[in-house]
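> Fold the following, please.
(chains A and B)
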Amino acid sequence: MKNKGMIPRLKSIGESGRRSQVFNQNVKITQLGKCGRIEEAARIFNQMPHRNTVTYNSMISVYAKNGRISDARNLFDKMPRKNLVSWNTMIAGYLHGDKVDKARELFDKMTQRDDFTWTLMITCYMRNGDVEKARVLFDLLPEKKKNRACWNAMIAGYAKNGCFGDARKLFDEMEDKSIVSWNSMLAGYTHNGEMSLGLRFFEEMDERDVVSWNLMVDGFVEAGDLDSAWKFFRRTPDPNIVSKVTMLCGFSRNGRITEARRLFDEMEDKNVVSWNAMIAAYVQQCQIDEAIWLFTQMPEKNAVSWTTIINGYVRVGKLHEAEQVLNKMPYKNVGAQTAMISGYIQNRRMDEARQIFEKIGTPDVVCWNTMIAGYAHCGRVDEALNLLKRMPQKNIASWNNMIFGYAQTGQMDKAVAVFEEMGEKNLVSWNTLISGFTQNGLFTNALTTFLLMVQDGKKPDQSTFVSGLCSCANLAALEIGNQLHQIVVKSGYANDLFVSNALISMYAKCGRILSAEYVFKYIDSVDVISWNSLISGYASNGNVEKTVKIFQEMTVKGVKPDEVTFIGVLSAYSHSGFVDEGLNLFRSMTEEHLMEPVAEHYACMVCLLGRAGRLEEAFQMVREMKIKPTAGIWGALLYACRVYGNLEIGRVAAEKLSKLEPHKSSNYVLLSNLNAEAGRWDEVESTRILMTDRGAEKQPGWSWI
DNA sequence: TATGCGTAGT
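Numbering: from 1, shown residues only, chains lettered A, B, ... in the order given. From the prediction side, this is the model:
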């Protein structure tokens, strides 16, 4: 710096020299802030013998733009002489930190406002999705303060929020459009996945700059159309660093790390964002060593760089290393700490997650939601609810997490209550509820909710279709399944692997072999789940020949069967009484495929042996198995005992069952029936008393003989 | 030299 070490001499020069000293240091603070070197900026600020209002404004801006909003506010509160820019800068800080209420508070306190102030507040509302409040401000704004920036903020806000009509109306009304106005419209299309509209608009544009091209590249990347993205990238007249990073991320998101790296290596103008993008690409691929290497090589690190590395270690399960990085991080922001919290949560270390969470103390919505989701995922719904209640500002995701928690723990009534209590719902809210119903076997509710969602104007996505089709499969509701298939095709999900697999399963379980195979045939690249869907579908339908045929085809094609495959085939054998085939397959599963059987496999085997009356063998298998027998296994055994009138083994099974499922009445009914058939009426009576004592309500449809 | 509208990184 020019004046470094010259303070004594400058002092003697007097007032003008001091002013230029302050001027230069103000510039330096801003420059350092722009490349994320906040500590250095703060050091200069603190060491300055004289500061003016611009000095304070610069420092406030540096803090605010780097996510340190409370530091910004502290400075704002204690600065001696605020001007209009100070207020605007502070509002801008709240805008970047998504704190609309705080921004509005300042806005209302201001005695004087300029065009910056209004534009900032409008942008604030628009970013928050509050289109109406933004419009109110725009209409209140005096004509002479309505400059291009305000108009552009309105157009961009409308477009981003998907209100293309309103955006277009203002756009057409606007007299002196700038390139920003055009790009604002274009961004509306590209950010909302409307690429055909976007393309048409792009072609009609009067003028284009590099931002217009970048928007197109980004839109295609988002749409998963990497070929078009690359085409536009190559055609961009003078690609800048943003163009390159956008394309790099496109490659990275599609797992094309080599091409991403090539782009990075060819970049002559790397900045902290391009470094972070490349590091994130390796983190995405779980190539943590390469990520770390780049991290050590990069000239400037910011909070995002640190957070990415912490996330990287979390992804590969190296929590200790993540902790160390967090400890070394110079200024620990909420994002980095939230990354660490997620790490603990993923490893079920809820107490440690909670510790960091309590330490942060700031009302950061993402952080709160991470904690709530954590409790929900491990079934600790009470704690999740507790946090939700205490949460200062909830968003839709907070409620969605709660719905998920209840769905996970089978409390669908409470999930519905939360769903009804929350205000605005998004696609995730609906999907969580629908998949909750499906996973809890409430298939009719799932389909009804699907219908309500469509009536509410929400477009079903992959998750909705999978849940819906799965429900149809379980209800054997072919007609609804057919209708869903039509919507799938119309919505452009016909090529989605997950949806296709659900379709296969639906058709197979509804007994439509040809339709299932038709969907299967038209999948670009089937996976093991596609095969399993066919196999399990035919198995549940009792079609053992078809099940085995598909299984053999799968093996011939070299696809490795997994646990689910064997469950499917074994259950087909068990339903059809193919005992030897089942025993052979079970043996080959453990001996040839070296697979450790899980509870479902054993349940199939017990069922298989039990149905054939080979109760002793079944019982022996249960006693010798390596895992703890589940209720499903004892239930299968008890059922077989009931069929073959084996009181001895049946009692053992019933005793185990009554401990595992004390409230399930069907277990007592089976034992009671068994006793009744053996003429043990005293036992029948005592079973009935036991059942009442344990609060097992008799289900309708079961009868006492 | 400090604040607003359109593009990239957790």
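> which residues sit against stretch A:535-542?
Identification of contacts with stretch A:535-542 by Cβ atoms under 8 Å, 6 or more residues apart in numbering yields A:473, A:504-509, A:511, A:513, A:516, A:544, A:546-547, A:550-551, A:554, A:564-565, A:567-569, A:571-572, A:575-576. To be clear about C-beta, it is placed using only N, CA and C from the backbone, and glycine gets the same treatment.
> Report how many residues lie close to A:W87.
Residues lying near A:W87 (other Cβ atoms under 10 Å) number 23.
> Please name the residues that touch it.
A:106, A:110, A:117.
> Just want to check the distance between the spatially closest residue to the second one that is not a sequence neighbour and A:K109.
So that's A:M110. Closest residue to A:M110 apart from its sequence neighbours, by Cβ to Cβ, 6 or more residues apart in numbering: A:W87 at 5.5 Å. Distance, A:W87 to A:K109, using Cβ to Cβ, to the nearest Å: 8 Å.
> cool, and A:D130?
Counting by Cβ to Cβ - A:D130 and A:K109 are separated by 20 Å.
> on that earlier part again, export the contacts of A:W87 to a markdown table and tack on distance to A:M453, pLDDT and neighbour count?
Formatted as a markdown table, the contacts of A:W87 follow (distance: Cβ to Cβ, whole Å; pLDDT from 0 to 100; neighbours: other Cβ atoms under 10 Å):
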| residue | distance to A:M453 | pLDDT | neighbour count |
| --- | --- | --- | --- |
| A:L106 | 39 | 96 | 19 |
| A:M110 | 43 | 96 | 14 |
| A:T117 | 41 | 96 | 21 |
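> ok, so of the residues you listed, who is nearest A:N333?
Nearest to A:N333, judged by Cβ to Cβ, of the contacts of A:W87 is A:L106 at 22.5 Å.
> doesn't A:Y94 make contact with the closest one?
Yes. Applying Cβ atoms under 8 Å as the test, A:L106 and A:Y94 come out as touching, 7.2 Å apart.
> returning to what we had before: specify which member of the contacts of A:W87 is nearest to A:S686.
Among the contacts of A:W87, A:L106 lies closest to A:S686 (Cβ to Cβ), at 74.8 Å.
> which residues sit in contact with the closest one?
Here A:L106 is in contact with A:87, A:90-91, A:94 (Cβ under 8 Å, 6+ apart).
> any idea which element it lies in?
helix A:100-109 (DSSP states H and E).
> Next, the buried residues of that helix.
Buried residues in helix A:100-109, defined by neighbour count with 16 or more other Cβ atoms under 10 Å: A:100, A:102-104, A:106-107.
> right, and the pair among the residues you listed with maximum separation?
Most distant of these, by Cβ to Cβ, are A:V100 and A:L106, 11.1 Å apart.
> hmm, back to that, of all the contacts of A:W87, which comes closest to A:P392?
A:P392 has its nearest neighbour among these in A:L106, at 18.7 Å by Cβ to Cβ.
> Could you list the contact residues of the stretch 251-400 of chain A toward DNA strand B?
A:271-274, A:276-277, A:280, A:283, A:302-305, A:307-308, A:311, A:335-336, A:339 (Cβ under 7 Å from any atom of the strand).
> Pull out the buried residues from these.
A:271-272, A:274, A:276-277, A:280, A:283, A:302-305, A:307-308, A:311, A:335-336, A:339.
> Among these, which are located in helices?
If you go by DSSP state H, these have A:272, A:274, A:276-277, A:280, A:283, A:303-305, A:307-308, A:311, A:335-336, A:339 in helices.
> OK, contacts around the residue of the stretch 351-500 of chain A found nearest DNA strand B?
Proximity of the stretch 351-500 of chain A to DNA strand B (Cβ to the nearest atom of the strand) peaks at A:V366, 9.2 Å away. Neighbouring residues of A:V366 by Cβ under 8 Å, 6+ apart: A:334-335, A:338.
> do that again at 10 Å, thanks
By Cβ atoms under 10 Å, 6 or more residues apart in numbering, the contact list for A:V366 reads A:98, A:334-335, A:338, A:395, A:397.
> And for A:M205?
Applying Cβ under 10 Å, 6+ apart, the residues near A:M205 are A:179, A:182-183, A:185-186, A:212.
> Who wins on neighbours among those residues?
Within these, neighbour counts (other Cβ under 10 Å) peak at A:M185, which reaches 25 neighbours.
> where's that residue relative to DNA strand B, distance?
Counting by Cβ to the nearest atom of the strand, to the nearest Å, the gap from A:M185 to DNA strand B is 9 Å.
> same deal with A:G255?
14 Å.
> Got phi/psi on the residue lying closest to that residue once chain neighbours are set aside?
Nearest residue to A:G255, sequence neighbours excluded (Cβ to Cβ, 6+ apart): A:Q285, at 7.1 Å. Dihedral pair for A:Q285: phi -90, psi 0, per degrees, to the nearest 10.
> Hmm, A:Q285 is touching A:A291, no?
Yes. Between A:Q285 and A:A291 there is a contact at 8.8 Å, judged by Cβ atoms under 10 Å.
> Look at the two and report which has more neighbours.
Using other Cβ under 10 Å, the more surrounded residue of A:Q285 and A:A291 is A:A291, with 24 against 16.
> Which stretches in the stretch 201-350 of chain A count as helices?
With DSSP state H, counting those that start in this stretch, the ranges of helices along the stretch 201-350 of chain A come out as A:210-222, A:226-235, A:241-253, A:257-266, A:272-284, A:288-297, A:303-315, A:319-328, A:334-346, A:350-360.
> Give the closest residue to A:Q411 in space, chain neighbours not counted.
Using Cβ to Cβ, 6+ apart and skipping the chain neighbours, the partner closest in space to A:Q411 is A:V381 (7.2 Å).
> how many neighbours does that neighbour have?
Residues lying near A:V381 (other Cβ under 10 Å) number 22.
> quick one, what contacts it?
A:372, A:375, A:388, A:402, A:404-409, A:411, A:414-415.
> ditto for A:N26
Contacts of A:N26 (Cβ under 10 Å, 6+ apart): A:44-45, A:48, A:51-59.
> now, the most widely separated pair of these?
Among those, the pair separated by the greatest distance (Cβ to Cβ) is A:I44 and A:T53, at 16.5 Å.
> Between those two, tell me which one has more neighbours.
More crowded of A:I44 and A:T53, by other Cβ under 10 Å: A:I44, with 18 against 15.
> The closest residue to DNA strand B within the stretch 501-650 of chain A: neighbour count?
In the stretch 501-650 of chain A, the residue that lies nearest DNA strand B is A:D527 (26.1 Å; Cβ to the nearest atom of the strand). By other Cβ under 10 Å, the residues close to A:D527 number 14.
> Any idea how many residues pack against the residue lying closest to it once chain neighbours are set aside?
Among residues not flanking A:D527 along the chain, A:L497 sits closest, at 6.5 Å (Cβ to Cβ, 6+ apart). Residues contacting A:L497 under the criterion other Cβ under 10 Å number 15.
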